[in-house]
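Chemist: kindly generate the corresponding structure for this input.
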Amino acid sequence: MSIAKLDLVLDYVLVLNARTVAVSLDGWAVESNPGGQVYTFGPSSQLQPGGCIVVVSGSEETQASAVADVQAELGDGVLVENWTKRYVWNNEGDTARLLGPDGEVHDEVQTSWCDDDAV
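Modeler: Residues are numbered from 1 along each chain as shown. Next up is the predicted model:
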């Protein structure tokens, strides 16, 4: 499991399952650091092998734009989780962490406004 992309402008993080088996996301979480906001996936969330899930935040318009951006790049099969209508990611720079059910950091991506497409 890894963070495939953090987009500060469209306020989303894309999580990829590069494993060859499906993964239950129960207890997995995405954390904005240093902001401290945490989105925890529910028990019904499951990610198929090679699958992606996009966690969106911000206004309904921003969320719709984020989903359209991801679907244009990866197709309609991407799962979507709505985090909050508040903006989570700092446009000047932020760090996303992917936390496992054990609370350990499994991946971390840091980006800034000048390298918004960083992975």
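
Chemist: now do the SS call for Gln71.
Modeler: Following DSSP: H, G, I helix; E, B strand; the rest coil, Gln71 is assigned to helix.

Chemist: where in this structure is pLDDT low?
Modeler: Within the chain, the segments meeting pLDDT under 70 span 113-119.

Chemist: can we see that at 50?
Modeler: Across the chain, the ranges flagged by pLDDT under 50 are 116, 118-119.

Chemist: pick out the residue closest to the middle of it.
Modeler: Val13 (2.6 Å; Cα atoms, centre = their mean).

Chemist: check which helices and strands the host helix or strand of it sits against.
Modeler: Val13 is part of strand 12-16, with elements assigned from DSSP states H and E. With contacts taken as 3 or more Cβ pairs under 8 Å, 6 or more residues apart in numbering; DSSP states H and E, strand 12-16 sits against strand 2-7, strand 52-57, helix 60-74. Any C-beta I mention is one placed from the backbone N, CA and C, and that applies to glycine too.

Chemist: mean neighbour count and distance to Gln110 for the ones you listed - can I get that in JSON lines?
Modeler: Formatted as JSON lines, the helices and strands packed on strand 12-16 follow (neighbours: other Cβ atoms under 10 Å; distance: least, Cβ to Cβ, whole Å):
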{"stretch": "strand 2-7", "mean neighbour count": "20", "distance to Gln110": "8"}
{"stretch": "strand 52-57", "mean neighbour count": "24", "distance to Gln110": "17"}
{"stretch": "helix 60-74", "mean neighbour count": "15", "distance to Gln110": "19"}
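
Chemist: nearest to Val23, out of these?
Modeler: strand 52-57 (10.2 Å; Cβ to Cβ).

Chemist: list the strands paired with the closest one, with their directions.
Modeler: Looking at strand 52-57 with DSSP bridges, its partner strands are strand 12-16 (antiparallel), strand 79-84 (parallel).
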